[in-house]
Structures are given as structure tokens and as C-alpha cells.
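J.: Just need the structure, nothing else, for what follows:
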Amino acid sequence: VFGRGTVNPQGRGMLPEGQGIFADRDFLSDRYAHTARLVSEPYNAVFQSNSWGTSPTQYYRTVSAELDDIVFLNDILILQSQSNTGSRLSRPEAWAKNVVSVGGIYHYGTANFDDDRWNNGASHGPAADGRIKPDLAHFNDGIFTTSKASDSSYTDFTGTSAATPVTAGHFGIFYQMWHNSAFDNEVGATVFESRPHLTTAKAMMINTAEQWNMNVAGTDIEREHQGFGRVSLTNLNDLREKMLIVDETDVLTEFGSKTYFIPVVSGTEDPLKVTMAYADPAGNPASEIATVNDIDLKVTAPDGTVYWGNVGLGIGGGMWSQPGGEPNTVDTVENVFIEDPMPGVWRIEVIAAELNQDARPETPDVTDADFALVASGIARVVPTSATTSVAGRVVTANGRGINLATLTLTDQAGNIRRTRTGPFGYFRFDEVPVGGSYVLDVSAKRYDFEPSSRFIIADGDMAEISMIAEP
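T.: Sure, this is the predicted structure:
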């Protein structure tokens, strides 16, 4: 991760100018206290990579629950190697819901991904309760890296203990991109102050990961081996202008839901990918299911076809989502991947199907939860001021361009009816009288808008309009 390649430039790590923090597991008598220090002065760490753990098992153990609790309390991204047994026997830390578990795939020294194989090397999923694990995977053979033999030596490293820090380095670059406002996000003075929630980092990297092709003749790479693929900085950069990002800004109460509209235009070469992730309180090792709360992802195409999270993407499934099915009840990361999405307005719903425990300690009097949501492959539509007659509630046309903007809705008499400001992907104006004619003014804090653009109405038609009319 942090190698500077001083002696051999080939040994330069992912974050050569990053500040590494090293700890010896033999001295971690209290991991709660250790992790709390990591997110405090003077360390201010944004992620932790672990290539160690306790004895392999197929089950969610007390150690798994403890690590889930630590991640939940400290909101820090923790990566965990899956192990190298060639079976479902994995470190119990890797079965934790809130960590990013990393599997391994052999690359055999070629740049061709089609000849990559699992080849009975890395430990794999699914978890005992059916959860998709690992979350991601990377190369676990022939990793040229620094060696502990001396200050000037290098070695070839192997196993998921190599795949995990490789993946961690990619996350480190993501945090730097976020700090540089690469996703039109607000930033602080340091990477630590700028960092998004761990669920958002997890969702971003899973959403933009590159799947190993499970349809290649002779491949043995299945979902249980690769998770949702290998992290890709190319995809992350190329898609950053085509995203809706919700960084735990919306709150759910039991049976409640949040709805988002995203535009897809014809001719796009990008798949539509929607990823939802949430941090879950520690599970009960005695229970058959590790999850405590159940939050579901539902995506509806312009023609009404419904896709539930992870349907068609699970164990034994393929690379792309299948319509229909049932809501997922075990995974804390849910995806909908559409290879060739139809143009029009897609509807995303995040639904709190079951909240058994409060997931937001900052609101102690209410049982509620939040989540991260990332949709990529959507159109970037620039909002403008316009006059239109709407029926019902009004939302803006775009999931990206109006971040950090103020919207003002004015009626024909010049009276300001509603004003909204915030960093969200879209805004709602509730209780707007039906059938009236209004002007929507967009005052951007960060962007200059063109005088006109195409906009998408909720039924999928294209028009010169600055709002989506939601029935």
C-alpha cells in the first residue's frame, strides 16, 4: 500500500505519499480501544487493512459480531482477507457484515483477465446464512511488494493477504479522489475530514468494480469466489460524472422508504448499476441469520419491470440482474446490474422492511436507519429555470448536477411557495397545488448552468422542462 519504490520503482505502492499506520496484532488486547484511537487524533485513519484473523470457520462467530460492532460504532472502513483454504472455511472476521471481505483470484502473470482462475486457492462464500461473501476479490499470486527481510528488499507475495491490501490501496485512492471533490462532493481540510461514510465508500467501489466474466469457457470464477468483482479506478474515474450518490443523508423508519428517479438516455454504452449498502448492528452468533435489520433495494424500469436487490446475482447466478423474485432478507449490500438499460426514467426505492434495532445512535428516541446508495451509468442532465404546469409533487430532473444548490419555486403571482437547499441528488416540494403554473429557479453554489437542456418527465418522454412531474 505505502511502498515508495525507493530501491526498485516496480515496488511503488498505491499510496506512496500516504501516511501508513502500523499495528502488531499481538498487542491488540482491546480492539475496541485500538479502533477508537484510529479515528482520533493524532492518527485520523480512513481505512484499515487486515491480513490476519482467528481460526477458520463457516459460521458467524462472536469475533464476527465484535468486528461488526466495532465498525458500526466507529464508522471506519475495515478490509479483511477471506483466507486461503480453498473452501468455505474462512476467518470469522471475514463473515462480518460491515467489513469489506476480500477473496483471491490467480492471474498467472498475464494481463488477460479471461485466463484468470480461482483454482481452489482462496477461501470463499457464501456465508452460512447465504450472504454473498467475499464482497470483492483481487489477485493473489505474484504480487511484487516490499519485504520484511530488510529496508531494501522486495518479494513476491501471495494469497488473500496480498489481494486485501491491493484492494485497500484502491480504496485509499478513492478517499483521495473524494477529498479532491472528484464526485462534486463537499470536502474538508483533510482527507479524514472529507471522508464519506464507510457504507458509501463500500458502495462506490462495489458499484464500479469490474466483474470477472463468468461466461468464459473453462472459467471456475463464480460469484462465491469473486464477490462483485475487482476494484477498478478506471471505472471509478470514467463514471464519476454519471452518478447519483447518497451518503447516508436520508433516514428510514420502519416500513418507510425513500424514492429516487434516475434518467437513462438512449445510446449509452454504460450498464446501469445500482448499489445500496447499510451498516448493521452486531448480529447474534446463535441466530441462523446474522443480519439484525432488513433494508431492501427495489429498482423499476420505465416499462414497469421490477428488479429486487441481488436477484440473479447471488450464488449460482450470473453477471446481470434478473427481473422479479423476492426482496433480499440477508445481505447488507444489494445490487441491481442492468447490462443494457432501456432509456427513460428509472425508479429506485430503498425500503426499511424490518428495523429490529436502532441503527442511528444519534437519534436515541427513534428506531431508524440510514444507508448509502450509488447509481452509475445515468445521464447527467443540467437543470435550468423554466415554467411548467405540474400535478402533484415536483422533483428535479437530475441525480447529480444540482448538488449543493438552492431551488426556489415561485407561483404566477410572484409568491415564493417553496425553497430548498442541500447536497442531495434531487429535491421534493410537497403540497404544491395541483394544476398551477410555477417557475423553478436553480441557484448553484458551484456550477454555471447552460440556458437550456433536455429534461426527462416521469413517464419517460423527453421535453424542454426543468422538473420531473411525479404523479
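J.: can you give me the end-to-end distance of stretch 131-139?
T.: Criterion CA to CA, to the nearest Å; first-to-last residue distance in stretch 131-139 is 22 Å.
J.: Check stretch 356-367 too.
T.: 8 Å.
J.: can you list contacts of that stretch?
T.: Contact with stretch 356-367 is made by 72, 251, 253-254, 278-281, 292-293, 355, 368-370, as judged by CB atoms under 8 Å, 6 or more residues apart in numbering. Where you see a C-beta, it was placed from the backbone N, CA and C, and this is true even at glycine.
J.: what's the answer for stretch 158-167, then?
T.: 1, 14, 49-52, 79-84, 100, 102-105, 121-123, 136-143, 145, 230-231.
J.: buried subset of those?
T.: 1, 14, 49-51, 79-84, 100, 102-105, 121-123, 136-141, 143, 145, 230-231 (16 or more other CB atoms under 10 Å).
J.: Just the ones in helices from the contacts of stretch 158-167, please.
T.: Per DSSP state H, helices hold no members of these.
J.: measure Phe144 to Asp69 for me?
T.: 37 Å (CB to CB, to the nearest Å).
J.: Of the contacts of stretch 158-167, which belong to strands?
T.: 49-50, 79-81, 100, 102-105, 136-139, 143, 145 (DSSP state E).
J.: Gly5: which of the residues you listed is nearest?
T.: Among the ones in strands among the contacts of stretch 158-167, Thr145 lies closest to Gly5 (CB to CB), at 10.5 Å.
J.: Dig out what that closest one forms beta bridges with.
T.: Thr155 (DSSP bridges).
J.: Surely it and Thr155 touch.
T.: Yes: if you go by CB atoms under 8 Å, Thr145 and Thr155 touch, sitting 6.6 Å apart.
J.: Distance-wise, check Phe371 relative to Asn293.
T.: In terms of CB to CB, Phe371 sits 10 Å off from Asn293.
J.: Look at these two and report which has more neighbours.
T.: More neighbours surround Phe371 than the other of Phe371 and Asn293, with 27 against 22 (other CB atoms under 10 Å).
J.: Tell me which other helices or strands the one helix or strand the more buried one maps to touches.
T.: Per DSSP states H and E, Phe371 falls inside strand 368-376. The helices and strands touching strand 368-376, judged by 3 or more CB pairs under 8 Å, 6 or more residues apart in numbering; DSSP states H and E, are helix 198-207, strand 243-253, strand 257-264, strand 272-277, strand 344-354.
J.: and if we set it to 7 Å?
T.: helix 198-207, strand 243-253, strand 272-277, strand 344-354 (3 or more CB pairs under 7 Å, 6 or more residues apart in numbering; DSSP states H and E).
J.: Give me the longest helix you can find in the protein.
T.: The chain, longest helix under DSSP H: helix 160-179.
J.: That one vs helix 198-207, what angle?
T.: 110 degrees (axes from the mean of the first three to the mean of the last three CA atoms, to 10 degrees).
J.: So which of Phe144 and Asp69 has more stuff around it?
T.: Shown here are Phe144 and Asp69; by other CB under 10 Å, Asp69 has more neighbours (17 against 14).
J.: quick one: secondary structure of that one?
T.: Three-state assignment for Asp69 (DSSP: H, G, I helix; E, B strand; the rest coil): helix.
J.: measure the residue lying closest to it once chain neighbours are set aside to Val71 for me?
T.: Once flanking residues are discounted, Asp69 sits nearest to Ala282: 4.0 Å by CB to CB, 6 or more residues apart in numbering. Remark: distance between Ala282 and Val71 (CB to CB) = 9 Å.
J.: Asp280 is in contact with Thr291, correct?
T.: Yes: in terms of CB atoms under 7 Å, Thr291 counts as a neighbour of Asp280; the distance is 5.6 Å.
J.: residues shared between the contacts of these two?
T.: Here Thr291 and Asp280 share the contacting residues Lys97, Thr332, scored by CB atoms under 7 Å, 6 or more residues apart in numbering.
J.: Dump the C-alpha coordinates for stretch 96-113 into CSV.
T.: Output in CSV follows, covering the C-alpha atoms of stretch 96-113 (Å, rounded to 0.1, in the frame of the first residue of the first chain):
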residue,chain,number,x,y,z
ALA,A,96,-18.7,-9.8,9.5
LYS,A,97,-21.4,-7.9,7.7
ASN,A,98,-19.9,-4.4,7.9
VAL,A,99,-16.4,-5.2,6.7
VAL,A,100,-15.2,-5.4,3.1
SER,A,101,-14.2,-9.1,2.8
VAL,A,102,-11.7,-9.8,0.0
GLY,A,103,-11.2,-13.0,-1.9
GLY,A,104,-8.4,-14.0,-4.3
ILE,A,105,-8.0,-15.0,-8.0
TYR,A,106,-4.9,-16.2,-9.8
HIS,A,107,-3.8,-14.0,-12.7
TYR,A,108,-0.9,-16.3,-13.8
GLY,A,109,1.3,-13.4,-14.8
THR,A,110,-0.8,-12.3,-17.8
ALA,A,111,-2.8,-9.1,-18.5
ASN,A,112,-5.6,-11.1,-19.9
PHE,A,113,-8.4,-11.5,-17.4
